[in-house]
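1. A predicted structure for the sequence below; I have some questions about it.
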Amino acid sequence: MRFCANVSILFREAPFLERFGLARAAGFSAVEFWWPAGEDLGEVEAAVEDAGLTVALFNFDAGDMPAGERGLLSDPDRAGEFRENVPVALELAGRLGCRRLNALVGHRLEGVDREEQLRLARENVAWAADRAAERGVEIMIEAVNTFENGPYLLSRTGEAAAFVRSVGRENVRLQYDYYHMQRMEGNLTATVREHIGMIGHVQVADSPGRGEPGTGEINYRYVLGELERLGYDGYVGLEYNPTTERTEESFAWLPKELRGGDVRAEDLRL
């Protein structure tokens, strides 16, 4: 497996565009990020190129994330904003060489039938997937915990997997976040074993505080070892809030010489 640093949540001691260089200096060869709202996309592209990084994944526009929004595509009043973002995001993905985009499906809305929201979400994801397929891009769907993220439509692995199957597109896959799913359902390894054929991207943070691996209750040496044994050879995104004063200090569990290439779970300092 390979690790990538999520520069939307890591290195927050620096402005966003500077975080790419900091990730490279910390030893990473790949990054991921949420939709870079408010940033000039040309400057984002330049920052990635200057740092010599691979972009493993980024999110479609999910609305005002700091204000609590978690996706637009299931909201009848805002789904058009998602569709407007799709070609922009795919163009950026093409320039960055990124082959995976994450689509957050949004919150349950008062006064709107949940099944109607899911139907709209399926239509919009399928529409985006057809355009993404033309560029060789996959769309990820993840389950997100409701403790911190409000009434998210897909909060358990089974729900997200059923949604992926219902879309009916080969380039729509599951993004599995160990932190979110430990909060919501536990049973991490058995769940990953059941869904490994659908998983296209993985993210980690420890539970319950969302700190770096080794600061909570998840046995990451074990669960990542099992992920490795299942044949997963994709990226593992570091999407956590460092418990240390500076982000660099939070990487003690992942030796610097291993951050830029393939890693075996047995080599982690956990």
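-> Done, it's in. Quick caveat, the model's predicted, so the values are computed rather than measured.
2. tell me the mean pLDDT over stretch 119-127?
-> Per-residue pLDDT over stretch 119-127 has a mean of 98.
3. now the residue of the chain positioned farthest from its centre: phi and psi?
-> Distance from the C-alpha centroid of the chain, by CA atoms, centre = their mean, peaks at Gly111 (29.2 Å). Dihedral angles phi and psi of Gly111 (degrees, to the nearest 10) take the values phi 80, psi 0.
4. distance of it from Gly150?
-> Distance of Gly111 to Gly150, computed by CB to CB, to the nearest Å: 16 Å. Every C-beta, even on glycine, is put in place using the N, C-alpha and C of the backbone.
5. over to Ala132?
-> The gap separating Ala132 from Gly150 is 27 Å, by CB to CB.
6. quick check, Pro255 in contact with Arg269.
-> Yes. In terms of CB atoms under 8 Å, Pro255 counts as a neighbour of Arg269; the distance is 6.5 Å.
7. count of neighbours near Ala132?
-> Using other CB atoms under 10 Å, Ala132 is surrounded by 24 other residues.
8. for it, which non-adjacent residue is closest in space?
-> Ile139 (5.6 Å; CB to CB, 6 or more residues apart in numbering).
9. hey, what's that neighbour bridged with?
-> With DSSP bridges as the criterion, the beta-bridge partners of Ile139 are Leu101, Val172.
10. wait, it sits on Gln175?
-> No. The criterion here is CB under 8 Å, and Ile139 misses it with Gln175 at 9.4 Å.
11. and for those two, which residues touch both?
-> Common neighbours of Ile139 and Gln175, counting by CB atoms under 8 Å, 6 or more residues apart in numbering, are Asn102.
12. tell me where the stretch 151-270 of the chain has strands.
-> 172-177, 199-204, 235-238 (DSSP state E, counting those that start in this stretch).
13. now those strands as JSON lines including mean neighbour count and distance to Val7?
-> Formatted as JSON lines, the strands of the stretch 151-270 of the chain follow (neighbours: other CB atoms under 10 Å; distance: least, CB to CB, whole Å):
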{"stretch": "strand 172-177", "mean neighbour count": "24", "distance to Val7": "17"}
{"stretch": "strand 199-204", "mean neighbour count": "22", "distance to Val7": "13"}
{"stretch": "strand 235-238", "mean neighbour count": "24", "distance to Val7": "10"}
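14. I'd like those as TSV, with distance to Glu245 and mean pLDDT appended.
-> TSV is the format used below for these (distance: least, CB to CB, whole Å; pLDDT from 0 to 100):
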stretch	distance to Glu245	mean pLDDT
strand 172-177	25	98
strand 199-204	21	98
strand 235-238	17	98
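15. can I get these in JSON lines including distance to Pro66?
-> Below are the strands of the stretch 151-270 of the chain laid out as JSON lines (distance: least, CB to CB, whole Å):
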{"stretch": "strand 172-177", "distance to Pro66": "19"}
{"stretch": "strand 199-204", "distance to Pro66": "19"}
{"stretch": "strand 235-238", "distance to Pro66": "19"}
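16. nearest to Leu73, of the ones you listed?
-> strand 172-177 (12.5 Å; CB to CB).
17. what does the closest one contact?
-> Here strand 172-177 makes contact (CB under 8 Å, 6+ apart) with 57, 102, 125-126, 129, 138-144, 157, 160-161, 164, 191-192, 195, 198-205, 239.
18. so Gln117 is in which element?
-> Following DSSP states H and E, one finds Gln117 within helix 114-133.
19. list the buried ones in stretch 253-262?
-> Within stretch 253-262, the residues that count as buried by 16 or more other CB atoms under 10 Å are Leu254, Leu258, Arg259, Gly260.
20. kindly report the same for stretch 130-142.
-> Neighbour-count burial for stretch 130-142 flags Ala132, Val137, Glu138, Ile139, Met140, Ile141, Glu142 (criterion: 16+ other CB under 10 Å).
21. now the third one: how far from Leu153?
-> The one in question is Glu138. For Glu138 relative to Leu153 (CB to CB), the value is 20 Å.
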